[in-house]
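[1] quick one: sequence plus predicted model below, questions after.
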Amino acid sequence: AYVNVDRDSASRLGISMADVDNALYNAFGQRLISTIYTQANQYRVVLEHNTENTPGLAALDTIRLTSSDGGVVPLSSIAKIEQRFAPLSINHLDQFPVTTISFNVPDNYSLGDAVQAIMDTEKTLNLPVDITTQFQGSTLAFQSALGSTVWLIVAAVVAMYIVLGILYESFIHPITILSTLPTAGVGALLALLIAGSELDVIAIIGIILLIGIVKKNAIMMIDFALAAEREQGMSPREAIYQACLLRFRPILMTTLAALLGALPLMLSTGVGAELRRPLGIGMVGG
């Protein structure tokens, strides 16, 4: 049953919504009014409305309320009682009633595409101001991960700059080393885009590993070039040229080792392969 209270009529009679709620709870809510204790047991006394003579919705017509002047007012005089369909249960989130709408991500589409499509559709619905929407589950975790990932990468780059600045005692040389990172990052993102893979947490881990590999290659050349410039008196151009020639072999060896190690991840099949594949794609592409 659905009880639609006329608040204006109830207010004129001095009846509040709390009075209506208490009257309905006294009749149908099994209110505990007393407990009888005996030597062997205890019995709870529950207030209950007698519905034998008035079954169904007619039982609500017998509910009486007390007005502000002490008069007795039938519930039906201030409320409209009707029968409607209602949900069997009402879910709540943070003490607010909620309705859950689930969705599946189709093939060849990422979770980010689905989220963007839902947000675009929401803008066209013109929802009332008292209705709010919020993602939950894996989508909420995805958004939280993306929101913190940018700051994580920025913090990693800043930490590398500070460490390199301390080691080389220079403000310029760390920037030279870190200047190799954007091209590697673009390559990893393009590889993920071409492969149709999502930029998920595993792919971001691959990009972080890629940053370490690329930075290591730059350090090997810059370190040798600085030593040649300071100890052998070479010009900067000649020093970096000699560093490229002498460090090419170890750089090629370590890069190929990382590349060949990432290929099985990129080309893997079987159970759990879709989880590991973005890691290999990001490293190989970068």
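    Looks like it came in fine. Numbers count the residues shown, from 1 in each chain.
[2] adjacent strands (with direction) for whichever helix or strand Pro97 is part of?
    Element membership for Pro97, per DSSP states H and E: strand 96-98. Applying DSSP bridges, strand 96-98 is found paired with strand 91-93 (antiparallel).
[3] buried residues of the helix or strand of the chain with the lowest mean pLDDT, list them for me.
    Within the chain, no helix or strand scores below helix 138-168, which has a mean of 78 by mean pLDDT, DSSP states H and E. Across helix 138-168, burial judged by 16 or more other CB atoms under 10 Å covers 139, 142, 149, 153, 160, 164, 168. (Glycine included, C-beta is placed from N, CA and C.)
[4] one more: stretch 22-41?
    So stretch 22-41, judged by 16+ other CB under 10 Å, has buried residues 23-24, 27-28.
[5] also stretch 185-195?
    With burial defined by 16+ other CB under 10 Å, the residues of stretch 185-195 counted as buried are 185, 187-189, 191-192, 195.
[6] out of those residues, give me the two with the largest separation.
    Using CB to CB, these span at most 15.9 Å, a distance reached by Gly185 and Ala195.
[7] what packs against whichever strand or helix holds Val284?
    Per DSSP H and E, Val284 falls inside helix 273-285. If you count contacts as 3 or more CB pairs under 8 Å, 6 or more residues apart in numbering; DSSP states H and E, helix 273-285 packs onto helix 181-195, helix 201-231, helix 236-267.
[8] contacts for it next, please.
    187-192, 194-195, 197-200, 202-203, 205-207, 209-210, 213, 258-259, 262-268 (CB atoms under 8 Å, 6 or more residues apart in numbering).
[9] report the mean confidence score over it.
    Over the span of helix 273-285, the pLDDT mean works out to 81.
[10] let me know the angle separating it from helix 236-267.
    Calculated by axes from the mean of the first three to the mean of the last three CA atoms, to 10 degrees, helix 273-285 forms an angle of 160 degrees with helix 236-267.
[11] quick check: the residue lying closest to Met221 once chain neighbours are set aside vs Lys215, distance?
    Sequence neighbours aside, Ala243 is the residue nearest to Met221 in space, at 4.4 Å (criterion: CB to CB, 6 or more residues apart in numbering). Relative to Lys215, Ala243 is positioned 15 Å away (CB to CB, to the nearest Å).
[12] now do Arg277
    On the measure of CB to CB, Arg277 and Lys215 end up 24 Å apart.
[13] nearest to Tyr2, of the buried residues of stretch 22-41?
    With CB to CB as the yardstick, the closest approach to Tyr2 among these comes from Leu24, at 12.1 Å.
[14] what pLDDT is listed against the closest one?
    Value for Leu24, per-residue pLDDT: 86.
[15] is it in contact with Thr62, as I believe?
    No: counting by CB atoms under 8 Å, Leu24 does not reach Thr62; the two are 11.9 Å apart.
[16] which residues are in contact with the spatially most central residue of the chain?
    The residue lying closest to the centre of the chain (CA atoms, centre = their mean) is Leu140, at 1.6 Å. Going by CB under 8 Å, 6+ apart, Leu140 touches Gln134.
[17] repeat for Gly165
    Counting by CB under 8 Å, 6+ apart, Gly165 makes contact with 171, 173-174.
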